[in-house]
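*Asks:* how does the following fold in three dimensions:
(4 chains)
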Number of protein chains: 2
Amino acid sequence: MAATRTYHHGDLRRAILSAALEVIRSDGVAAISLRDLARRAEVSHAAPAHHFGDKAGLLTAIATEGFDALAVALTAVPAGTAHRLREMGARYVEFAVGHPAHFEVMFQPRLLHGDAPELIAAKERASQALRSGVEEFPAARRGPDVRRAGLAAWSLAHGFAALQLSGSLPLPDDDPAAAFRALFDARPVPEAP
Amino acid sequence: MAATRTYHHGDLRRAILSAALEVIRSDGVAAISLRDLARRAEVSHAAPAHHFGDKAGLLTAIATEGFDALAVALTAVPAGTAHRLREMGARYVEFAVGHPAHFEVMFQPRLLHGDAPELIAAKERASQALRSGVEEFPAARRGPDVRRAGLAAWSLAHGFAALQLSGSLPLPDDDPAAAFRALFDARPVPEAP
DNA sequence: CGCGGAACTTGACACTGACTAGATTGCGGC
DNA sequence: GCCGCAATCTAGTCAGTGTCAAGTTCCGCG
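*Replies:* As a prediction, the model looks like this:
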């Protein structure tokens, strides 16, 4: 279907998004060009702008998709799971490695329309899912220490994912989630006497 | 001095680098334009290319500077310091927050000339400095656990710095190094019964 | 049927990175 | 002193890009 060339594309928005994700995955967000994406979808050079407003709008849509998928992945860790924080970190890393293009765009806010309502909402959903990893603890045990531990887990997961994706680590891991769990369990090294 | 307009700029290379760092700090690396930098330095539009080859060359020079400065900062933590890994992480975070433009470029290798010898050398110096935080332990105590702890410390520092710089944290910290030390000391949260 | 608006095209403009050829300068060697 | 020469910078050009305005085609709904 849709093999016949019609004036209307059918699902140009999705086609542009998919092409964009592919380009970002292989060459980075800096290699994105609206005109190139238009060529890949075999439409005119200005067609993409019709769906996303401008380049930042396209990236905003990608980031929104990303935050939503991340929120889903994090929420999938049931409350009461043993090592819940660790497990959420593992999902975080898994998401980053599985959706590198989304991840790359999500944390470069200067490329986005920061005031877009869908983006803000999706970000809030992901943020809420993250917080739930900490806030399930009984109120009596919450406090600066617990919040710090949550931030530490987030930083650990985010840093590990970012280093992995930027190719800074010697050898890329084939099971990043498992590697993260090991990392999470590693206690600070005892000092030499 | 050098107020008189001469054909030769004097130190155009440094002037371009400084202007570039300023632009990146305020608007991100995507906002960099060689022609804009040339205008800021009041030279012709093709002058920057003479010093750096191309845009990637300019960013490579910045990344090289960054890795060198990071290596210096890390090496400044003397061997035998108590909580050495933690302290190196604190310096890492301090560097990132103090040199956000360098940091932003250093970990986007697709923007750089990855095969530039100066870059590789600087990266190696920084990497060596990082490793020294782990390798000072007696051989008997080294092993997968110690290496993992080193990677965990690096990930923690990198992640915290990246989240901080991307504005993902609720409120920016005025003493990120101290915040990192607290993070480092936070043990994984004990699971609810 | 026809008509209003959404989806797309066409054309234009200013801007960018990169390349080339040429002008100017300062510096080392004599 | 000055002369050649390489380094530095200028000027012009080209293809490619984002964005805007105006036109064209087509779908769905009354």
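
*Asks:* which outside residues touch the helix or strand containing residue A:71?
*Replies:* Taking DSSP states H and E as the definition, one finds residue A:71 inside helix A:55-75. Helix A:55-75 has contacts (CB atoms under 8 Å, 6 or more residues apart in numbering or on different chains) with A:16-17, A:20-21, A:24, A:29, A:32, A:34, A:37, A:48, A:52, A:88, A:91-92, A:94-95, A:99, A:101-103, A:105-106, A:111-113, A:116, A:118-119, A:122-123, A:125-126, A:128-130, A:132-133. Just so you know, the C-beta spots here come from the backbone N, C-alpha and C atoms, and that holds for glycine as well.

*Asks:* which residues touch whatever residue of chain A ends up closest to chain B?
*Replies:* Going by CB to the nearest CB, chain B is nearest to residue A:159 of chain A, at 2.5 Å. With contact taken as CB under 8 Å, 6+ apart, residue A:159 is in contact with B:154-162.

*Asks:* domain parsing for chain A?
*Replies:* Domain assignment for chain A by automatic domain parsing gives A:7-53, A:54-184.

*Asks:* from residue B:59, how far out is the spatially most central residue of chain A?
*Replies:* The centroid of chain A falls nearest to residue A:103 when counting by CA atoms, centre = their mean (3.4 Å). Relative to residue B:59, residue A:103 is positioned 21 Å away (CB to CB, to the nearest Å).

*Asks:* and if you look at residue A:180?
*Replies:* To residue B:59, residue A:180 is 30 Å away according to CB to CB.

*Asks:* higher neighbour count, the two?
*Replies:* Neighbours per residue, other CB atoms under 10 Å in any protein chain shown: of residue A:180 and residue B:59, the larger number sits with residue A:180, 28 against 23.

*Asks:* could you find the closest non-adjacent residue to the more buried one?
*Replies:* If the residues on either side of it in the chain are set aside, residue A:180 comes closest to residue A:93, at 4.5 Å by CB to CB, 6 or more residues apart in numbering or on different chains.

*Asks:* can you list the buried residues in the helix or strand hosting the one you found?
*Replies:* For residue A:93, the host element (DSSP H and E) is helix A:84-98. Neighbour counts using 16 or more other CB atoms under 10 Å in any protein chain shown place A:84-97 of helix A:84-98 among the buried residues.

*Asks:* then stretch A:161-170?
*Replies:* Buried residues in stretch A:161-170 (16+ other CB under 10 Å): A:161-166, A:169.

*Asks:* between those residues, which is closest to residue A:175?
*Replies:* Proximity of the buried residues of stretch A:161-170 to residue A:175 was ranked by CB to CB; the top entry is residue A:164 with 11.5 Å.

*Asks:* mind listing what that closest one touches?
*Replies:* By CB under 8 Å, 6+ apart, the contact set of residue A:164 is A:93, A:96-97, A:172-173, A:176.

*Asks:* quick one: it from residue B:104, how far?
*Replies:* Taking CB to CB, one finds residue A:164 at 18 Å from residue B:104.
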